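[1] sequence plus predicted model, see below.
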Amino acid sequence: MKSRTFLIALVWALPGLLHAEIVLKSPAPDATISTVAPELRAFLDMPQEQRREFFNDPEKRKSLNKVRNAQPYAFTWECTDGEHGPFRVVISEKEDFSTPSPALALPTGKDASPNEARIANFLIEKTYYWKVEGLDANGQPTSSQTARFHTDPLAPRLLTIPNIENARDLGGRTGLDGRNIRQGLIYRSAGLNANSPDFDWDRTKWKKERIEDFRIGDTKLSPEGVAYINDVLRWKTDLDLRGPGEVATMKESPAGPAVKWVHNSSLSYGKVFGQDGNCTGEGPEAMARNFRLFCDRANYPIEFHCIAGADRTGALAYVLNGVLGVKADDLEKDWEITANSYFKYEKMFNDLSGGFEKFGAPGDPLHKKIEAYLQKIGITPEEIASFRAIMLE
């Protein structure tokens, strides 16, 4: 059932509130909360060799696939003098509640307490303030006192967007010169709508002869998801990496007309290096077009995806975070989090990560090798510098 609790990011102070009878319970004052599932946290804490052994077990990998989105944290409070709802949980990075929060309140279960809200999508490694507003026994506005909590620094910042799988923020990790990568600017996910029902990966099974006659796949976004994307995350660009048959005759983002839809059919893994690694052809050309989109501040925040948010999306994410200076092991973890059933290191991730070894000088760090690859496919040093200026704090 739908929750009766509403989350708002900004409210004006209500006059006449001289005392609070709504008592905040969880999180405790100055507690650190996490929206990463314990199973995923344990996996990310493993050294590479142990992670790879775990990941190569299909059943274990399946367990990761189920927890790759943000797990909501239960905020609870107690009413001591007849207070009642509707309640509003107010969260902000500012104690005066003047700064919007990107958090999302999710529906509670049918057995949930009315004094509970399930909330996700906080920025990582941040301090937040919260309070609960409701009505007193006489039906007049009342509020709890303000409490403070902190969010876990563990990257990545996982997201829950209703009906959208495999969503997360590329920010939050440490990049070049120890600088943090800004959160809230680049997002990755699975597709926002289904592939065309006339499309099949086997072209002989296409239901219509011409792509121009293909039907557009149904949206996956709920009205609540569209509102969250537009009003809170404020995406400006939806970069769709799928092929022509998958998108059919799409002209607009499933997130609505306020989000610019950019279609750029892309390739994954070793194919981003071109035929025989010569950096020419469809794969490198698509990567160059994609990268240039991220060099213009006017396009942000940007969300990008293919259909599963795994292979084509994973390849672009590797290049973007890699050239910002994210460590190779963290880039591998970001790919592993998707944990799709067909994933394997051989002929997939290893071809992507190993493909950069031929670029740059021997002994160069990974970010220099990716930088050399980008220049080989036509990206200028000035464009790389622009991207880093946008994304590094």
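    Structure's in. What do you need?

[2] low-scoring stretches of the stretch 1-150 of the chain, by residue?
    1-20 (pLDDT under 70).

[3] ranges for the strands of it?
    For the stretch 1-150 of the chain, strands defined by DSSP state E, counting those that start in this stretch occupy the ranges 6-8, 22-26, 31-33, 73-79, 84-92, 104-106, 116-120, 127-135, 141-143, 147-151.

[4] what's the angle from the fifth one to strand 73-79?
    Relative orientation of strand 84-92 and strand 73-79, computed by axes from the mean of the first three to the mean of the last three Cα atoms, to 10 degrees: 130 degrees.

[5] quick one: distance of stretch 232-252 to the chain centre.
    16 Å (Cα atoms, centre = their mean, to the nearest Å).

[6] would you state the helices of the chain in chain order?
    Under the criterion DSSP state H, the chain carries helices at the ranges 38-44, 48-55, 58-65, 223-228, 244-247, 282-293, 312-323, 328-338, 350-355, 366-376, 381-391.

[7] out of those helices, which is closest to residue 236?
    Across the helices of the chain, residue 236 has its closest neighbour in helix 282-293 (10.8 Å, Cβ to Cβ). C-beta coordinates here come from the backbone N, C-alpha and C atoms, glycine included.

[8] nearest spatial neighbour of residue 343, skipping sequence neighbours?
    Spatial nearest neighbour of residue 343, chain neighbours left out: residue 61 (6.9 Å); criterion: Cβ to Cβ, 6 or more residues apart in numbering.

[9] for the one you found, list the residues it contacts.
    Residues in contact with residue 61, defined by Cβ atoms under 8 Å, 6 or more residues apart in numbering, are 54, 55, 339, 341, 343.

[10] redo that, cut-off 7 Å
    55, 339, 343 (Cβ atoms under 7 Å, 6 or more residues apart in numbering).

[11] before we move on, what about residue 123?
    102, 151, 157, 183, 184.

[12] for the second one, which non-adjacent residue is closest in space?
    Put plainly, it is residue 151. Nearest non-adjacent residue to residue 151, counting by Cβ to Cβ, 6+ apart: residue 122, 4.7 Å away.

[13] from the centre of this protein, give me the residue that's furthest out.
    In the chain, counting by Cα atoms, centre = their mean, residue 138 sits farthest out from the average C-alpha position, at 42.9 Å.

[14] can you give the domain ranges for this protein?
    What automatic domain parsing lists as the domains of the chain is 6-35+70-153, 158-391.

[15] so which of those domains is the most surrounded?
    Most buried of the domains of the chain, by mean neighbour count (mean count of other Cβ atoms under 10 Å): domain 158-391, with a mean of 18.

[16] quick revisit: in JSON lines, list the domains of the chain along with distance to residue 49.
    Formatted as JSON lines, those follow (distance: least, Cβ to Cβ, whole Å):
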{"stretch": "domain 6-35+70-153", "distance to residue 49": "24"}
{"stretch": "domain 158-391", "distance to residue 49": "11"}
